[in-house]
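S.K.: sequence plus the predicted model coming up.
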Amino acid sequence: MEKEIVKIKNNFEKDIKKVANFDELQLLKVKYLGRKGQITLLFKVLPSLSVEEKRKWGVAINSLKQEIERRLEEKEKEIKEEVVLKNLEKEWLDVTYYKDEIKIGHLHPLTYTFKEIINIFRKLGFEVVEGPEIESDFYNFEALNIPKQHPARDTQDSFYIVSDILLRTHTSPVQVRFMEKHQPPFGVIVPGRVYRRDFDATHTPMFHQLEGLMVGENINFGNLKAVLEYFAKEFFGPERKLRFRPHHFPFTEPSAEVDVSCGICGGSGCRACKYTGWLEILGAGMVHPNVLAISGIDSSKYQGFAFGMGIERIAMLKYNIDDLRLFFENDLRFCEEF
Amino acid sequence: MRIPLKWLKEYIDFNLSAEKVADILTNIGIEATLFKDFDKELGLNFEGVVVGKILEVLPHPSEPNLKITHVDVGKETLKIICGAPNTKENIKVPVGKIGAKVLGKTVSKKEIKGVISEGIIFSGKELGVSEDASGIMILEDDAVVGQDFKEYIVKKILGEEVLEAEITPNRPDWLSLLGIARELAAVLSKKVKYPEVKIKESKEKIENILSVEVKESDLCPKYYARVIKINKNQGSPEYIQKRLLAAGIRPINAVVDITNYVMIETGQPLHAFDGQKIEGGKIIVRKAKKGEKIVTLDGEERNLNDQILVIADNKKAIAIAGIMGGANSEVDEKTQIVVLESALFDFYAIRKASQFLGLRTEASSRFEKSLWVDLAKTAIDRAAQLIAEICDGEILAGKIEVGPGKPEKREIQLPLFEIEKKLGFCIKKDKLKEIFNSLEIPTVIEKDVLRAAIPSFRPDLKIKEDLLEEIARIYGYNNIPSSLPEEKFYPLPENKQYSFKQYLREILKSFGAYEVYSYSFVSESLLKTFYLDPQNHIKVANPITVDFEYMRTTLIPSLFQVWLQNQKNYPSLFIFELAKTYHLLDKNIFQNSKNIKNPEKFIEEKFKLAGLLTVEEGEVFYQLKEKVMRLLLEINIKKGEFLPENKISFLHPFRQAVIKKDEKILGFMGEIHPLILAELKSKTRIAVFELDVDSLFEARDPILYKPLPKYPAVILDLSIIVPEKILVADILKEIEKVSDFIEKVVPFDLYKGPQVPENHKSISLRLFYRHPERTLTEEEAKEIHQQVVQRLNQKFKATLR
């Protein structure tokens, strides 16, 4: 009996190595496990054996059977895989082909610019507030310490609806509107459209600004510098520097204009920065006590800073755009670049 | 403000490069750059003029007044005919070669009485570089033969480097070299060298010749006058002429030049009249009469209004106060009596007048920034002294002073603790005193309070914050340490409405749309094209052009214009804009707008999201509707309805829908009216939508979990034929009423054509049947399906297809 088992096992080993396809595998299956297969025949011998031998050889035959089954399954899987692999090349594709121009949607560069700037200031604790574009003389000028006789109030520089109502010339009125309803401390940013009566190569009658305001008990000029420096490095790049120049705005004191080092020449001077190494990006300062007072904030207790930037200018610097008017001409090929 | 640096050195010693000075000034608030382009600035209107040397002068064969010269212009020698009396050999002169352009005229070959002239030798006046027309211009020895004359003259004119500075309106004191010198001195710790003024008066009294009456002391708080009798008034000394040109002012004659010179030096505009042209020996400062006219020094006749201040004599206006003198009292070479005016005028009146006349001068640009009274007093003496010296004159005894103006005295107190609190850095008392000393602002520090006595030349200093700025400025803004705010506070809640707008933009981008930004304005003609009534629009009272006259109430016309402009590049497109529209709530705003603080009571501004779609094939309406429906789902508005509408003027009356959720209107969509398409020459049909952003924000459904269905659905399709005008929306509503087990109904085909009777349409629907608690059998579903068919038949005369 033992001889038989060994013989079958050895024969099976030889046989299975020769198998190359499903048909041969099927034949092999029949040869060993079929109704007249060698294993089946072995089992048929069992009843003629003694109880003890029956058990002994029964176990042995069974284990041989399981071994053969396992090997057959393995072989089957192997053959299947070979078939798949053989056919793969028939499925060869030209991966360099594609159909039609691939198009996606596009947001306006000013949207991207606003989004990026706002994200930076939100991290610093500023939140967005908005306000009306059709504004009163009071909020647009008076409350911002711009007296009636100030040149900024020349009627020819602003769009008027009626005598005391105009299209806001800056986002600053929202500072006052916000402070009328909130007590410090707080930090807000104000994005929005503004209007000035200018239309030439470097001015459009409508443009966009972003205003910032932070007021508390101890918000100081050094804080203003740090906040704007953080912004500039985040927005323009860590290698960029800021320069603060004294300036004059009616609604801040002290006031500053802020330049960022030129990204093209790195500060050594080139055409883009008119050989100064610096590009003006925003105006800023400590909120004038008159503005705080008229907004209902105790200027002996609270102080803070404000800043304002023209978004078109920032976007032009960011994306190297050389003509302001492109923003509103809406040539979609311009839009597609962003 | 132009700053000639060599001139500036008259008032302060420094030995720094021009770039360094520019840098220092910029850092203290005087944004300065090196000025290089003098071409336009100096009125140099010539090209191709070179330096030549006259080698030989020969008489003209037939014309005794003319001479023939041979002029070396470098590479060649030209034969030029010249009539100037000062023509002689071995002098260097400016030569216009053939083809040179001078004051718009081209130099060409000319024949004069049989002799050909190959160019022109110019006088200073002919080139516009001086007033001297008496002969050809004789150049100095350092002129190089063949050199571009422009290069020579610019160097001559200036003899120094010049900075151009942008002066902020709060600092009229910086509109003078002494003011600039004061700032520079503060940074360099130097002292300003003020010019020494010594007046030597003659015995003759000024009152014998002149009297002054100021009728408008509000507009002219102070008027000083001096009289100088002079013996000559030729060109001023070269150094004055050069400095003036460097400062951007053309030299005229000595007296005029000196007034300008002192203005640049001190900041005080001065004016000189020819005393013999003042009738009655009396100056009257009054408002112009209605219809009064004056010819100003530039030769223009100016129509005045009755708010404009003039300087007049007994009979006529002789100057527009603070702006420009009159031709009728002009000082020229023959002038023997100079009446010098140094006054203070109301800044606002000067600005208004300057605007009205469209005339801005060196004088008006200073006066309109509010000067100070004692400036006028010192400047007049300085000018009188120079005139007397240079024009060989004598100053009459006495200085006329009229008007109540007095120097303002004020003190500002600054508690020292505020420096660190507001600026964020500490500074020692010594350093503090030094800063104010250097700015010529006397200070005392007592009990930790700094008290500053503000000098009259600093009208900008009014409150303690102004002193803080002075400290920061001189300390250096860039030296102040930066530190992030340490103050802790609760951040404001997120502005979700704002974030929502950004989200809407992102969604449309993901649909392949292009975002545009168009102007908030529209023209009347565009409104009319879109059948919109301009009366219902907010009008800009002073638009720049008719294209920017009205505030838009819808974004659609603007989007349409964007399409028109792009259709040549884009056969189809999908664009959108998110922006405000402006709506008139109450026309009372036009009755009395004075002192309205909150215009939002009269005017409503709404954020709108609008889109425009064109397609190359298929029904554009349904293609856009699909996008709008997807948009609504993206923001979790599940039950948006699109219902027939016909009120929107610019849309196709039978292809427009109002978009609602639970009876609340969110917006509209539709196709642009074919008449508009035709008028604006659009080649394709166009579908548009506009949604109100706040309404969308409010209409969003909350996201709430509901258990997933446990039992399978039975899906059955249905194709019916109904009269054309039966709405799919109504059919869907009717079907849902039939049974609770109808989970949803989805239309998937709409057909009109040969197999469908006229005025009918075929609609195919997919119905999903599901029982919440058990498996619904196909038979049960079919039974309900049958009821649906019956109900549709009863209600809409629907038949199975």
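M.R.: In hand now; what should we look at?

S.K.: hmm, whichever strand or helix holds residue A:222 touching chain B?
M.R.: Remark: residue A:222 resides in helix A:221-236, with elements defined by DSSP states H and E. Yes. If you take Cβ under 8 Å from any Cβ of the partner chain as the test, helix A:221-236 does meet chain B, through A:221-223, A:225-227, A:229-230. Where C-beta positions appear, they are placed from N, C-alpha and C, glycine not excepted.

S.K.: ok, now stretch A:319-334?
M.R.: Yes. Under the criterion of Cβ under 8 Å from any Cβ, stretch A:319-334 makes contact with chain B via A:327-333.

S.K.: closest residue of chain B to chain A?
M.R.: Residue nearest to chain A within chain B: residue B:424 (2.7 Å; Cβ to the nearest Cβ).

S.K.: list the contacts of that residue.
M.R.: The neighbours of residue B:424, taking Cβ atoms under 8 Å, 6 or more residues apart in numbering or on different chains as the test, are A:220-223, B:480-481, B:483.

S.K.: likewise for residue B:532?
M.R.: By Cβ under 8 Å, 6+ apart, the contact list for residue B:532 reads B:553-554, B:557, B:649-650.

S.K.: again, but for residue B:505
M.R.: Residues in contact with residue B:505, defined by Cβ under 8 Å, 6+ apart, are A:107, A:111, B:515, B:576, B:578.

S.K.: beta-bridge partners for residue A:307, please?
M.R.: residue A:212, residue A:284 (DSSP bridges).

S.K.: against residue A:186, how distant is it?
M.R.: Between residue A:307 and residue A:186 the distance, using Cβ to Cβ, to the nearest Å, works out to 15 Å.

S.K.: same question for residue B:777.
M.R.: Residue B:777 sits at a distance of 64 Å from residue A:186 (criterion: Cβ to Cβ).

S.K.: and residue 250, how many neighbours?
M.R.: No chain in the question, so chain A it is. A total of 19 residues lie near residue A:250 under the criterion other Cβ atoms under 10 Å in any protein chain shown.

S.K.: could you do chain B instead?
M.R.: Neighbour number of residue B:250 under other Cβ under 10 Å is 16.

S.K.: so it sits right up against residue B:241, yeah?
M.R.: No. When contacts are counted by Cβ atoms under 8 Å, residue B:250 is not listed as touching residue B:241 (9.1 Å).

S.K.: secondary structure element for residue 56?
M.R.: Defaulting to chain A. Under the assignment here (DSSP H and E), residue A:56 is part of helix A:51-88.

S.K.: should've been chain B
M.R.: With the criterion set as DSSP H and E, the secondary-structure element containing residue B:56 is strand B:46-59.

S.K.: same question, residue A:191
M.R.: strand A:186-195.

S.K.: tell me the secondary structure for the nearest residue to residue B:7 once chain neighbours are set aside?
M.R.: Setting aside the residues directly before and after it, residue B:7 is nearest to residue B:243 in space (Cβ to Cβ, 6 or more residues apart in numbering or on different chains), at 4.8 Å. Reducing the assignment at residue B:243 to three states with DSSP: H, G, I helix; E, B strand; the rest coil gives helix.

S.K.: also residue A:272?
M.R.: Under three-state DSSP, the three-state class of residue A:272 is coil.

S.K.: my guess is it contacts residue A:265, does it?
M.R.: Yes. Counting by Cβ under 8 Å, residue A:272 touches residue A:265, with 7.1 Å between them.

S.K.: which parts of chain A are helices?
M.R.: With DSSP state H applied, chain A shows helices at A:2-18, A:22-33, A:38-45, A:51-88, A:109-123, A:137-140, A:173-181, A:221-236, A:289-294, A:311-319, A:326-329, A:332-335, listed in chain order.

S.K.: can you list those in JSON lines and add mean pLDDT?
M.R.: Below are the helices of chain A laid out as JSON lines (pLDDT from 0 to 100):
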{"stretch": "helix A:2-18", "mean pLDDT": "86"}
{"stretch": "helix A:22-33", "mean pLDDT": "89"}
{"stretch": "helix A:38-45", "mean pLDDT": "84"}
{"stretch": "helix A:51-88", "mean pLDDT": "88"}
{"stretch": "helix A:109-123", "mean pLDDT": "96"}
{"stretch": "helix A:137-140", "mean pLDDT": "95"}
{"stretch": "helix A:173-181", "mean pLDDT": "96"}
{"stretch": "helix A:221-236", "mean pLDDT": "96"}
{"stretch": "helix A:289-294", "mean pLDDT": "96"}
{"stretch": "helix A:311-319", "mean pLDDT": "93"}
{"stretch": "helix A:326-329", "mean pLDDT": "94"}
{"stretch": "helix A:332-335", "mean pLDDT": "93"}
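
S.K.: pick the most buried one from these.
M.R.: Each of the helices of chain A was assessed for mean neighbour count using mean count of other Cβ atoms under 10 Å in any protein chain shown. The highest is helix A:137-140, with a mean of 23.

S.K.: flag the shaky bits of chain B, pLDDT-wise.
M.R.: B:37, B:40-42, B:593 (pLDDT under 70).

S.K.: and the residue nearest the centre of the chain?
M.R.: This is for chain A. Nearest to the mean C-alpha position of chain A, counting by Cα atoms, centre = their mean, stands residue A:116 at 9.5 Å.

S.K.: wrong one, chain B
M.R.: residue B:544 (13.0 Å).

S.K.: go ahead and confirm that residue touches residue A:199.
M.R.: Yes. With contact taken as Cβ under 8 Å, residue B:544 and residue A:199 are classed as touching, separated by 5.1 Å.

S.K.: can you list residues touching both of the two?
M.R.: The overlap between the contact sets of residue B:544 and residue A:199 (Cβ under 8 Å, 6+ apart) consists of residue A:205.

S.K.: what packs against the helix holding residue A:56?
M.R.: Helix A:51-88 makes packing contacts with helix A:2-18, helix A:22-33, helix A:38-45 when contacts are defined by 3 or more Cβ pairs under 8 Å, 6 or more residues apart in numbering or on different chains; DSSP states H and E.

S.K.: closest one to chain B among those?
M.R.: Smallest distance to chain B across the helices and strands packed on helix A:51-88 (Cβ to the nearest Cβ): 37.6 Å, for helix A:22-33.

S.K.: run the angle between the closest one and helix A:2-18 for me.
M.R.: Taking axes from the mean of the first three to the mean of the last three Cα atoms, to 10 degrees, one finds that helix A:22-33 is oriented at 180 degrees with respect to helix A:2-18.

S.K.: got a list of contacts for helix A:22-33?
M.R.: Helix A:22-33 has contacts (Cβ under 8 Å, 6+ apart) with A:8, A:12, A:15-16, A:18-19, A:37-40, A:65, A:68-69, A:72, A:75-76, A:79.

S.K.: cool, stretch B:793-801 as well?
M.R.: Here stretch B:793-801 has contacts from B:718-723, B:726, B:730-731, B:734, B:755-756, B:762, B:789, B:792, using Cβ under 8 Å, 6+ apart.

S.K.: the nearest residue to residue A:176 once chain neighbours are set aside: what's it in contact with?
M.R.: In space, residue A:176 comes closest to residue A:143 once its chain neighbours are excluded; the distance is 4.4 Å by Cβ to Cβ, 6+ apart. Contact analysis of residue A:143 by Cβ under 8 Å, 6+ apart lists A:173, A:176, A:291, A:294-295.
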